[in-house]
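Q: what's the 3D shape of this:
(4 chains)
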There are 2 protein chains.
Amino acid sequence: MGDEQVAAPTKQRRISQRGIATRGRILEAANRLMFVRGVNATTLDDIREASQTSKSQLYHHFADKQELVRALVKYRGALVLQRERGGLERLRSFSGLVRWRNALVQANSLNNGKYGCGLGSMAVELSDQDEQARSMLSETFAAWEKLISDGLHRMRDSGALRQDADPEKLATGLMAALQGGYLLANAAHDVEPMEVALDMALDHIKSFLTEPPGDPTR
Amino acid sequence: MGDEQVAAPTKQRRISQRGIATRGRILEAANRLMFVRGVNATTLDDIREASQTSKSQLYHHFADKQELVRALVKYRGALVLQRERGGLERLRSFSGLVRWRNALVQANSLNNGKYGCGLGSMAVELSDQDEQARSMLSETFAAWEKLISDGLHRMRDSGALRQDADPEKLATGLMAALQGGYLLANAAHDVEPMEVALDMALDHIKSFLTEPPGDPTR
DNA sequence: CGTAGCTAGGACCTGATAGTCCAGATCAAG
DNA sequence: CTTGATCTGGACTATCAGGTCCTAGCTACG
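A: Here you go, the predicted model:
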């Protein structure tokens, strides 16, 4: 098994600007469609049509649907991490966490809670059917949690958080509350459960503050 | 539109024991297969084979795949609620909540975190594609949360929980932690995130106890 | 310019899957 | 035991979705 793919290591296919643009259009369309319909319910023809491309282009840029889905996992993961980096990499206080929470809630409320988290829903759909996708998603979640726990570490180092706070566990708990909140909000078509869940997690973190925050949570 | 289904309201189809058994076998097989592979990735032929039935029986007992899935939502919802009633309807103390947590964690650890929650994964897969299934799932979640909040109400009435505790919100937060925990555990193939998430939610509830529990959490 | 190879269009193929149909077995009520 | 309905087996069909292929444009580079 595995007889070919080791050959010609240096030979990289030439790729034109147009090719890059097409590949991008395909990924973008897949991203949009699979976000609202789910991965399995989206067909290649849907994507072809939405991206204004053709079958041969799909198969020129991606070996098969599974590869496209894996590329999408990477693509969406990068998008989310980039967005989250913006909101979290300078996190140094509890109020920063509250702002972060508010941004997520507001974004989700625009859809009335529908669709959930782009990563979370892929994780549910793919974990039991594509090991490689599952492991990429798991790593993305870990990186996301790390953005949070890094912020909590900064807060602990600066004395805002007590020494006995465990940033990693707090970050995992917060991420679980976020994902569970997304899920319940999606089922209910209502953001409220997501708000309640995030507030619970934030309250829990608040209990590790060295001194109570100056302003109420909202 | 809708010209037929109103006719003959009293005429209920006769149904034999054998018919009931067959219908049960189909639902059971669908339940098992769709739990591990997901709803969309499971075919009717898979179910036919696993349930030792035939195509005509599938379509005799269910109008189409969508109806079968909806019946499964109901079936699985009833199973979960029955199981949860056992663990929650006599909940009166924090330690009872800890026992409940332990049972869920233990069950999930048998699969190394795989597959997640039977209801949660269906919610993710179906919410964006079958409104009726979504609403049934949402109601099931609400009923499940009510089992929890009823227990918390009992704790509050007995003085174990402070008066300012909000049982409904605490139950929603706990459910979100549970669902998010399932999701992350499934993605990681490891129960740990689920444990951390539930412990966070339990800690949060613990902060509303009138007096600290006699024993450590575990 | 010329040409090699990337890029594109879209018809076509193939397998899988949801759904149909009908003949025959089984059951329950009288 | 008769009769009419339910239940069952499994072959059959239609459709759809993934995947292939061949021809024709474009682009980059010499």
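Q: pull out the buried positions in the longest helix anywhere in chain A.
A: Longest helix in chain A, counting residues (DSSP state H): helix A:131-157. In terms of neighbour count (16 or more other Cβ atoms under 10 Å in any protein chain shown), helix A:131-157 has its buried residues at A:133-134, A:136-138, A:140-142, A:144-149, A:151-156. Using the backbone N, CA and C atoms, a C-beta is placed for each residue, glycine as well.
Q: got it, and stretch A:155-170?
A: Using 16+ other Cβ under 10 Å as the test for burial, stretch A:155-170 gives A:155-156, A:160-161, A:165, A:167, A:169-170.
Q: check stretch A:94-105 too.
A: Buried residues in stretch A:94-105 (16+ other Cβ under 10 Å): A:94, A:96-98, A:100-101, A:104-105.
Q: go on, stretch A:31-44?
A: Burial within stretch A:31-44, assessed by neighbour count using 16+ other Cβ under 10 Å, is assigned to A:33-35, A:38-40, A:42, A:44.
Q: what do you get for stretch A:122-131?
A: A:122-130.
Q: now do stretch A:66-80
A: A:68-73, A:75-77, A:80.
Q: what average pLDDT does the longest helix of chain A get?
A: For helix A:131-157, mean pLDDT rounds to 98.
Q: I'd guessed A:Gly113 sits against A:Asn186; true?
A: Yes - under the criterion of Cβ atoms under 8 Å, A:Gly113 makes contact with A:Asn186 at 5.8 Å.
Q: mind listing the helices for chain A?
A: A:17-37, A:44-50, A:55-61, A:65-88, A:94-109, A:118-126, A:131-157, A:167-188, A:192-206.
Q: got those helices as CSV, with distance to DNA strand C columns?
A: Converted to CSV, the helices of chain A look like this (distance: least, Cβ to the nearest atom of the strand, whole Å):
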stretch, distance to DNA strand C
helix A:17-37, 2
helix A:44-50, 8
helix A:55-61, 3
helix A:65-88, 13
helix A:94-109, 31
helix A:118-126, 16
helix A:131-157, 19
helix A:167-188, 23
helix A:192-206, 31
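Q: same list (these) but as a markdown table, adding distance to B:His204.
A: Listed next are the helices of chain A as a markdown table, based on distance: least, Cβ to Cβ, whole Å:
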| stretch | distance to B:His204 |
| --- | --- |
| helix A:17-37 | 31 |
| helix A:44-50 | 42 |
| helix A:55-61 | 47 |
| helix A:65-88 | 22 |
| helix A:94-109 | 15 |
| helix A:118-126 | 21 |
| helix A:131-157 | 17 |
| helix A:167-188 | 9 |
| helix A:192-206 | 5 |
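Q: to B:Gly86, which of the ones you listed lies closest?
A: helix A:167-188 (22.6 Å; Cβ to Cβ).
Q: anything in stretch A:43-60 near chain B?
A: No - under the criterion of Cβ under 8 Å from any Cβ of the partner chain, chain B is not reached by stretch A:43-60; the shortest gap measures 12.0 Å.
Q: whoops, stretch A:199-211 was the one
A: Yes - Stretch A:199-211 reaches chain B (Cβ under 8 Å from any Cβ) through A:199-201, A:203-204, A:207.
Q: could you list the low-pLDDT ranges of chain A?
A: A:1-12, A:212-218 (pLDDT under 70).
Q: could you redo the last one with a cut-off of 90?
A: A:1-21, A:211-218 (pLDDT under 90).
Q: contact residues of it facing DNA strand D?
A: Contact residues, chain A versus DNA strand D (Cβ under 7 Å from any atom of the strand): A:14, A:16-18, A:43-45, A:55-56, A:59, A:64-66.
Q: and these, which are buried?
A: Counted by 16+ other Cβ under 10 Å, these give A:44, A:65 as buried.
Q: what's the closest of the residues of chain A next to DNA strand D to B:Ile26?
A: A:Thr43 (27.6 Å).
Q: that closest one and A:Ala142, how far apart?
A: 32 Å (Cβ to Cβ, to the nearest Å).
Q: now swap in A:Gln82 and tell me
A: The value you get for A:Gln82 to A:Ala142, if Cβ to Cβ is used, is 16 Å.
Q: same question, A:Asp150
A: 12 Å.
Q: returning to what we had before: so which of the buried residues of helix A:131-157 also contact chain B?
A: Checking those against chain B (Cβ under 8 Å from any Cβ), the matches are A:134, A:137-138, A:141.
Q: what's the farthest-apart pair in those residues?
A: Longest span within those, Cβ to Cβ: A:Arg134 and A:Phe141, 10.6 Å.
Q: mutual contacts of the two, please.
A: A:123, B:187 (Cβ atoms under 8 Å, 6 or more residues apart in numbering or on different chains).
Q: now do the same contact list for A:Val39.
A: A:69, A:72, A:122, A:125-126.
Q: repeat that for 10 Å
A: A:30, A:33, A:65, A:68-69, A:72-73, A:121-122, A:124-126, A:129-130, A:133, B:40, B:125 (Cβ atoms under 10 Å, 6 or more residues apart in numbering or on different chains).
Q: can you check A:Glu49 too?
A: Counting by Cβ under 10 Å, 6+ apart, A:Glu49 makes contact with A:29, A:33, A:43.
Q: the first one contacts A:Arg48, correct?
A: Yes - with contact defined as Cβ atoms under 10 Å, A:Ala29 counts as touching A:Arg48 (8.3 Å).
Q: list just the nearest of the buried residues of stretch A:155-170 to chain B.
A: Here the nearest of the buried residues of stretch A:155-170 to chain B, counting by Cβ to the nearest Cβ, is A:Lys169; it sits at 5.2 Å.
Q: tally of neighbours for A:Lys180?
A: No, residue A:180 isn't Lys; it's Gly. By the measure other Cβ atoms under 10 Å in any protein chain shown, the count of residues near A:Gly180 is 34.
Q: equivalent analysis for the one 4 residues further on, please.
A: Summarising burial for A:Leu184: neighbours were counted as other Cβ under 10 Å, giving 30.
Q: my guess is it contacts A:Gly116. True?
A: Yes - A:Leu184 is within contact range of A:Gly116, at 9.3 Å (criterion: Cβ under 10 Å).
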